[in-house]
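# sequence and predicted structure, then a few things I'm wondering about:
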Amino acid sequence: MLLTRHGRIGVYLAGLAVECALKALVLSEVPSSQRNQVDNSQDFRGRGGHSYEDLRRMYRRQTGGRDIPVEWSRDLRYIASMWSVEMRYQPKLLRERDATAAWNAASNLVTGIRRKIS
């Protein structure tokens with residue numbers, strides 16, 4: 001079992017990419033006249049802006065209850081189980097296979113969101 005500090009850093013960065021992609025997804029559903037208001041809100045910029053579940057709720061609110069696709073949900077659950085914004089302060093090592101799986105889940109999710117909003 002290979003433990004890696006670099007894997008933890010990679011998962012942290014992948015998690016930030018997911019956070020940014022979810023924010024872009026939410027904003028893609030907001031009328032352009034209201035984007036600045038949403039973007040500057042405490043829910044978006046504060047603690048909720050780092051919570052995948054809060055961002056997912058914001059997306060459902062903007063889409064009239066429509067949720068993200070099931071295949072994204074699986075990837076989101078996986079990366080959420082490993083990532084937190086505080087992760088950058090934790091010296092914990094990850095198994096290389098766990099770091100790789102988290103990276104792949106994040107990559108799938110970010111790619112799917114990018115395709116949807118393009």
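Alright, I've got the coordinates. Numbers count the residues shown, from 1 in each chain.
# how close does Gln37 get to Asp43?
According to C-beta to C-beta, to the nearest Å, Gln37 and Asp43 sit 11 Å apart. Just so you know, the C-beta spots here come from the backbone N, C-alpha and C atoms, and that holds for glycine as well.
# what's the per-residue pLDDT of Leu94 here?
If you check Leu94, the pLDDT there is 84.
# what does the one 3 residues further on give?
Among the per-residue scores, Arg97 holds a pLDDT of 86.
# helix or strand: which one has it?
Counting by DSSP states H and E, the element that carries Arg97 is helix 96-117.
# so which elements touch that helix?
strand 3-4, helix 5-28, helix 70-82 (3 or more C-beta pairs under 8 Å, 6 or more residues apart in numbering; DSSP states H and E).
# between Gln37 and Asp43, tell me which one has more neighbours.
Legend: neighbour count by other C-beta atoms under 10 Å for Gln37 and Asp43, higher for Asp43 (16 against 10).
# so who does the more buried one touch?
Contacts here follow C-beta atoms under 8 Å, 6 or more residues apart in numbering; on that basis Asp43 touches 49, 54, 58.
# that older thread, so which of the helices and strands packed on helix 96-117 is nearest Ser107?
Nearest to Ser107 among the helices and strands packed on helix 96-117 is helix 5-28; the distance by C-beta to C-beta comes to 7.2 Å.
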